[in-house]
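Asker: sequence and predicted model, in that order:
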Amino acid sequence: LDAIIHDISIWSWPTHRRTDEPPPGLREAGGRDLEHILTQLEREIDPSGFCCDTLSIADLALFPHVSSLKAVGFELDDSRYPKLCRWNRLMRSQDAVVDDLAYVKRSIVEKFASGQSPYESERIVWRGDRIEWLLANGFVDWFVVELRAGRGVLPRSV
């Protein structure tokens, strides 16, 4: 989920100042893959409402990605994904998640209220799975142009 959401959302980041449009087909490829993953998740949600019988690290790892779908223009439809929507509501009722969401809201105000961003405002640091998803979906030419234009950074091996 992370790679797809990252790669299709670059143009909507409040921290990144893109004036271009995504390459043709990028958002559609992301939507296709998101639908596939969400359909799998819908099938696999445990009758308890969690990923397993009780709240687990799987739920906590999945929640930030599912909760960011709306920001990239992908709505969770209750009629299509009823178990996943119920899971999302259940997660939002967990004390740890409530506290974390409050922390995230405070942090956003503190870090971005001035309009300046301490994060990737001009260049994106690309890594493994985020690059892999682009290449697997045929966006190698776009990615090469990004790197040559200085809008992308690849981490160096240590």
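Answerer: On my side now, so go ahead.
Asker: pull up the per-residue confidence for the nearest residue to Glu44 once chain neighbours are set aside.
Answerer: Closest residue to Glu44 apart from its sequence neighbours, by CB to CB, 6 or more residues apart in numbering: Cys51 at 7.2 Å. (Each C-beta comes from the backbone N, C-alpha and C, glycine too.) At Cys51, the model reports a pLDDT of 95.
Asker: now do Lys105
Answerer: On pLDDT, Lys105 comes in at 88.
Asker: what's near enough to touch the residue nearest to Asp78 when sequence neighbours are not counted?
Answerer: Leaving aside its chain neighbours, Asp78 sits nearest to Cys85 (4.6 Å; criterion: CB to CB, 6+ apart). When contacts are counted by CB atoms under 8 Å, 6 or more residues apart in numbering, Cys85 touches Leu76, Asp77, Asp78.
Asker: same check on Leu69?
Answerer: Taking CB under 8 Å, 6+ apart, one finds Ile5, Leu34, Glu75, Leu76 in contact with Leu69.
Asker: try Trp11
Answerer: Counted by CB under 8 Å, 6+ apart, Trp11 has contacts Arg18, Asp20, Glu21, Pro22.
Asker: mind redoing it with 10 Å?
Answerer: The neighbours of Trp11, taking CB atoms under 10 Å, 6 or more residues apart in numbering as the test, are Arg18, Thr19, Asp20, Glu21, Pro22, Leu26, Arg27, Val72.
Asker: in the chain, which spans are strands?
Answerer: Secondary structure of the chain (DSSP state E): strands located at 124-125, 152-153.
Asker: closest to Leu1 out of these?
Answerer: Of all those, strand 124-125 sits nearest to Leu1, with 17.9 Å by CB to CB.
Asker: one step back: CSV for the strands of the chain, including mean pLDDT?
Answerer: Formatted as CSV, the strands of the chain follow (pLDDT from 0 to 100):
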stretch, mean pLDDT
strand 124-125, 86
strand 152-153, 88
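Asker: would you list those strands in CSV and tack on distance to Asp59?
Answerer: CSV is the format used below for the strands of the chain (distance: least, CB to CB, whole Å):
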stretch, distance to Asp59
strand 124-125, 28
strand 152-153, 32
